[in-house]
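Asker: could you look at this predicted model? Sequence included:
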There are 4 protein chains.
Amino acid sequence: MVQIAVARSGPRSQEKRAEILRRAADAFRRRGFHATGMRDIARSLGMTPGALYYYFRSKGDLLYFCQQHSLRRLLGEGRAILSRPGGEGEKLRTLIRAHVETLLDETGGSAAHLEVRALPSGRRPWILAQRDAYETTLRRLITRGVRSGAFRPVDPKLAALAILGAVNGIVLWWKPEGPRRPAEIAGAFAEVLVGGLER
Amino acid sequence: MVQIAVARSGPRSQEKRAEILRRAADAFRRRGFHATGMRDIARSLGMTPGALYYYFRSKGDLLYFCQQHSLRRLLGEGRAILSRPGGEGEKLRTLIRAHVETLLDETGGSAAHLEVRALPSGRRPWILAQRDAYETTLRRLITRGVRSGAFRPVDPKLAALAILGAVNGIVLWWKPEGPRRPAEIAGAFAEVLVGGLER
Amino acid sequence: MVQIAVARSGPRSQEKRAEILRRAADAFRRRGFHATGMRDIARSLGMTPGALYYYFRSKGDLLYFCQQHSLRRLLGEGRAILSRPGGEGEKLRTLIRAHVETLLDETGGSAAHLEVRALPSGRRPWILAQRDAYETTLRRLITRGVRSGAFRPVDPKLAALAILGAVNGIVLWWKPEGPRRPAEIAGAFAEVLVGGLER
Amino acid sequence: MVQIAVARSGPRSQEKRAEILRRAADAFRRRGFHATGMRDIARSLGMTPGALYYYFRSKGDLLYFCQQHSLRRLLGEGRAILSRPGGEGEKLRTLIRAHVETLLDETGGSAAHLEVRALPSGRRPWILAQRDAYETTLRRLITRGVRSGAFRPVDPKLAALAILGAVNGIVLWWKPEGPRRPAEIAGAFAEVLVGGLER
DNA sequence: TATGAATGAGATTTCATTCAT
DNA sequence: TATGAATGAAATCTCATTCAT
């Protein structure tokens, strides 16, 4: 089930596909989609550019599967968190922490879900739908918190966007070799962002 | 004084330069720097691509001056706000509102200051310095608030990055033709983001 | 009569035309025809590129008139030298010295007659004819010297080309600010080319 | 050993690289570097312009490797000649003949070492150094001849430049399809430049 | 006479992609 | 499965030239 994100079209080794996605995601995150060439990705894998096309149809598909992987994981975690018992504040903190840690999880190579504009148009709808679903999950949690009185009466949509912007923005400055560990960042962001909602 | 950002190299009408920058910034914001061609910018101005080079040395320079314009304005406003009397909470709200409105001010054509990676290397240091200066301004305000007891004991650097991520992220989804006015967004973000810091 | 090379089409100040040609020739000599832009020439004159077109039809024409000027002078001197009394050896030495000094005469700005390939096709025949005429003059002098016994029995055409190659090549390395004066070079070349190296 | 000039960066068949260099050198020699487009070179090889970039990084590099090839060969021959026994006059004649034949050797595709100004700045120092080394070789031979009394007391530097100018100038007028064979030209030039014209 | 502005053709170069082997 | 080689479209940029003023 875990491999669904990656498994496709028969024999093509899933491991290799996953490895490629990891490197691609890493490159996209560091340099941006357009500034990253297939050459760069291939070189970082010790392959030739042509070989990548045995595993993926196009550069756009590479981006698509990166984002798919990311979003699937985020959405899974998000829904799991929502369905647990507990107060909205605590749930939201947990969700933000999970989001940050997923984003910065190097081995997962995720975090490429920002450059939606670069997606091949045929792939975009699916990603947008998933992204909306995730945003909806988040918004629903906020709405509940507002209703229950746990949160102040904010506009849930804008609050959700503020939170997403803050956490997604991390990838623009964070570097694995930098001083801050993901958990530290995750905790601080959860505190600052949820504190603003709670009464 | 506003035009300083734009005035350079003799006659080359500043108005035209400003007009070009506006359109370029708009295009960069919508499609991203790499996905925007000189053709696109020229067409939106009713010019030929070559004509742009009469006003700007390169596409990278176009980005540079967009960012310069943006940052100059943000920094000016930021410093002005800090030097006024008042509590840190209120100042921070004002600063966030000003930031959002600057970012979304279409006629200013600003908001392109996100794609630092795409800057020509010779131009990057200046932009990074200005960006750091702005971040420092924000961090300093937060630090003061923490010291004065107005804010909770957060890590000022991470708090600043959370706020900046949230507000800068707006340009990724906001469209002039959408339902929300800049002022509305500005107010909501200020509330959510500052509320999290205040005791 | 002297101005014929430059005077054309009525009022257009001949002085200005001459001044432009001097600068153009200088630029062509230093950087080569293709690497020299109309901008460069205009800037060195304190003009705008457009203004040059008031005086000359095209960049190719600029080259043409430079070469015309050069060749006219060389040919005039060459013929004068030939018609004087004296031995062929001495005449050839004088001709070489005159050629070198003309070539390196900065104020004359000549020496641009090397890049024949760059001439507009309509202008080429005239230049080629003049160049041939000059070469013929030189060849004739050598032929006479061979006949008179002053020179060894060389192939006059190849000998002429050797001499021309040697002297024209000077512009590829000589710089006004360098240590050698034109007269010094002229003398040395005349000696080596006419007298040879061996005793 | 000959291929060292060409061997680089892995497989990229050296034969193809050499073939490209030959054509490029030929085109540069005929039309000049700036007047030769990558299109021209590609067409003469039955390729697309883009394909050239699989073998060479840039047009400037094409020029660089042409010159490198030329200079390596010239320098090798020059040094070999100097180290042989014999009188300076005879050695100089041999060197000039070798130089001319190398220059006009079509299959070698050499002779492009004149347009130093067009070299990419990073490549220029190497070429200039090699060129200086060659000139030094020649100058040294002349100096020895002067000391030994075989040559008249000329300025060795200027004499060397005269000889180089004469032989390099050949490429400006020589065409493979013309009437004179390289050996004929080589002999005549050697005779005139070493023996002079006068008896 | 000269300028600011613009044009349009062309140059080099990049890059995702393909394909025979 | 993978590679070397090649393609072709597009991108940025340059530059001689024109033209209204």
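Answerer: On my side now, so go ahead.
Asker: what does chain A put close to DNA strand F?
Answerer: Taking Cβ under 7 Å from any atom of the strand as the contact definition, chain A meets DNA strand F at A:Pro11, A:Arg12, A:Ser13, A:Lys16, A:Met47, A:Thr48, A:Pro49, A:Gly50, A:Ala51, A:Tyr54, A:Tyr55. Bear in mind the C-beta positions are built from the backbone N, C-alpha and C, glycine included.
Asker: reformat those residues as CSV; add distance to C:Ala129 and pLDDT.
Answerer: Listed next are those as CSV, based on distance: Cβ to Cβ, whole Å; pLDDT from 0 to 100:
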residue, distance to C:Ala129, pLDDT
A:Pro11, 75, 53
A:Arg12, 72, 66
A:Ser13, 74, 84
A:Lys16, 71, 93
A:Met47, 62, 95
A:Thr48, 58, 95
A:Pro49, 56, 96
A:Gly50, 57, 95
A:Ala51, 62, 96
A:Tyr54, 65, 96
A:Tyr55, 67, 96
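Asker: how many neighbours does A:Tyr53 have?
Answerer: Per other Cβ atoms under 10 Å in any protein chain shown, the neighbour tally for A:Tyr53 reads 14.
Asker: name all residues that make contact with it.
Answerer: Not one residue lies near A:Tyr53 by Cβ atoms under 8 Å, 6 or more residues apart in numbering or on different chains.
Asker: now the residues of chain A next to DNA strand F: which count as buried?
Answerer: Among the residues of chain A next to DNA strand F, those buried by neighbour count (16 or more other Cβ atoms under 10 Å in any protein chain shown) are A:Met47, A:Tyr55.
Asker: of the residues of chain A next to DNA strand F, closest to B:Val171?
Answerer: The shortest approach to B:Val171 among these belongs to A:Pro49, at 32.8 Å (Cβ to Cβ).
Asker: where does chain A get nearest to DNA strand F, residue-wise?
Answerer: Residue nearest to DNA strand F within chain A: A:Gly50 (2.9 Å; Cβ to the nearest atom of the strand).
Asker: re the thing from before, export the residues of chain A next to DNA strand F as CSV, with columns for secondary structure.
Answerer: As requested, the residues of chain A next to DNA strand F are exported to CSV (DSSP: H, G, I helix; E, B strand; the rest coil):
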residue, secondary structure
A:Pro11, coil
A:Arg12, coil
A:Ser13, coil
A:Lys16, helix
A:Met47, coil
A:Thr48, coil
A:Pro49, helix
A:Gly50, helix
A:Ala51, helix
A:Tyr54, helix
A:Tyr55, helix
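Asker: the helix or strand of chain A with the lowest mean pLDDT and DNA strand E, are they touching?
Answerer: Using mean pLDDT, DSSP states H and E, helix A:14-31 stands out as the lowest-scoring helix or strand of chain A, at a mean of 91. No: judged by Cβ under 7 Å from any atom of the strand, helix A:14-31 and DNA strand E are separated, with a smallest distance of 10.2 Å.
Asker: can you give me the helices for chain A?
Answerer: Counting by DSSP state H, one finds helices in chain A at the ranges A:14-31, A:38-45, A:49-55, A:59-83, A:88-104, A:124-148, A:156-173, A:182-195.
Asker: wait, A:Val146 touches A:Lys157, no?
Answerer: No: with contacts counted by Cβ atoms under 8 Å, A:Val146 stays clear of A:Lys157, the gap being 11.6 Å.
Asker: skipping adjacent residues, who's closest to A:Val154 in space?
Answerer: The shortest distance from A:Val154 to any non-neighbouring residue, by Cβ to Cβ, 6 or more residues apart in numbering or on different chains, is to B:Val192 (5.7 Å).
Asker: show me what contacts the one you found?
Answerer: By Cβ under 8 Å, 6+ apart, the contact set of B:Val192 is A:Val154, A:Leu158, A:Ala159, A:Ala162, A:Leu193, A:Gly196, A:Leu197.
Asker: repeat for A:Leu82
Answerer: So A:Leu82 contacts A:Lys91, A:Leu95, A:Thr137, A:Arg140, A:Leu141 (Cβ under 8 Å, 6+ apart).
Asker: now do the residue of chain A positioned farthest from its centre, the pLDDT please.
Answerer: No residue in chain A sits farther from the centre than A:Gly149, which is 29.5 Å out by Cα atoms, centre = their mean. Turning to A:Gly149, the model gives it a pLDDT of 92.
Asker: got it, and A:Leu95?
Answerer: 97.
Asker: so who does it touch?
Answerer: By Cβ under 8 Å, 6+ apart, A:Leu95 lies in contact with A:Glu77, A:Gly78, A:Ile81, A:Leu82, A:Leu138, A:Leu141.
Asker: closest one of those residues to D:Ala186?
Answerer: The nearest one, if we look at the contacts of A:Leu95 relative to D:Ala186 and count by Cβ to Cβ, is A:Glu77, at 81.1 Å.
Asker: roughly how far does the closest residue to that closest one other than its chain neighbours sit from A:Ile163?
Answerer: Take A:Glu77 and drop its neighbours on the chain: the residue closest to it by Cβ to Cβ, 6+ apart is A:Ala98, 4.6 Å away. Distance, A:Ala98 to A:Ile163, by Cβ to Cβ, to the nearest Å: 13 Å.
Asker: how about the contacts made by the nearest residue to A:Thr36 once chain neighbours are set aside?
Answerer: Distances taken as Cβ to Cβ, 6+ apart place A:Ala27 nearest to A:Thr36, at 4.5 Å, with adjacent residues excluded. The contact partners of A:Ala27, by Cβ under 8 Å, 6+ apart, come to A:Thr36, A:Asp40, A:Ile41, A:Ser44.
Asker: of those residues, which count as buried by neighbour count?
Answerer: For the contacts of A:Ala27, a burial check counting by 16+ other Cβ under 10 Å picks out A:Thr36, A:Asp40, A:Ile41.
Asker: show me where chain A dips below the pLDDT cut-off.
Answerer: Applying pLDDT under 70 to chain A flags the ranges A:1-12, A:106-113, A:197-199.
Asker: now do 80
Answerer: A:1-12, A:106-114, A:196-199 (pLDDT under 80).
Asker: how about the residues of it that lie near chain B?
Answerer: For chain A, the contact set with chain B under Cβ under 8 Å from any Cβ of the partner chain comprises A:31-35, A:114-115, A:117-118, A:152, A:154-155, A:158-159, A:161-170, A:172-173, A:180, A:185, A:188-189, A:191-197.
Asker: thinking A:Ile81 is in contact with A:Lys91, fair?
Answerer: Yes: if you go by Cβ under 8 Å, A:Ile81 and A:Lys91 touch, sitting 5.6 Å apart.
Asker: phi, psi of the closest residue in space to A:Gly60 that isn't next to it in sequence?
Answerer: Computed as Cβ to Cβ, 6+ apart, the closest residue to A:Gly60 that is not its neighbour in sequence is A:Pro120, at 3.7 Å. Here is the backbone geometry of A:Pro120 (degrees, to the nearest 10): phi -60, psi 140.
Asker: need the contact list for A:Pro120.
Answerer: Here A:Pro120 is in contact with A:Ser58, A:Gly60, A:Asp61, A:Tyr64 (criterion: Cβ under 8 Å, 6+ apart).
Asker: nearest residue to the first one other than its sequence neighbours?
Answerer: Residue nearest to A:Ser58 in three dimensions, not counting chain neighbours: A:Pro120, with 6.8 Å by Cβ to Cβ, 6+ apart.
Asker: tell me the spacing between that neighbour and C:Leu193.
Answerer: Applying Cβ to Cβ, the value for A:Pro120 to C:Leu193 is 70 Å.
Asker: next: A:Ser121.
Answerer: Between A:Ser121 and C:Leu193 the computed distance is 73 Å (Cβ to Cβ).
Asker: for A:Pro179, same thing?
Answerer: Applying Cβ to Cβ, the value for A:Pro179 to C:Leu193 is 73 Å.
Asker: which one of these two has more residues nearby?
Answerer: Set side by side, A:Pro179 and C:Leu193 show more neighbours around C:Leu193, with 25 against 6, by other Cβ under 10 Å.
Asker: look up the closest residue to that one, ignoring the ones flanking it.
Answerer: Among residues not flanking C:Leu193 along the chain, C:Ile163 sits closest, at 5.2 Å (Cβ to Cβ, 6+ apart).
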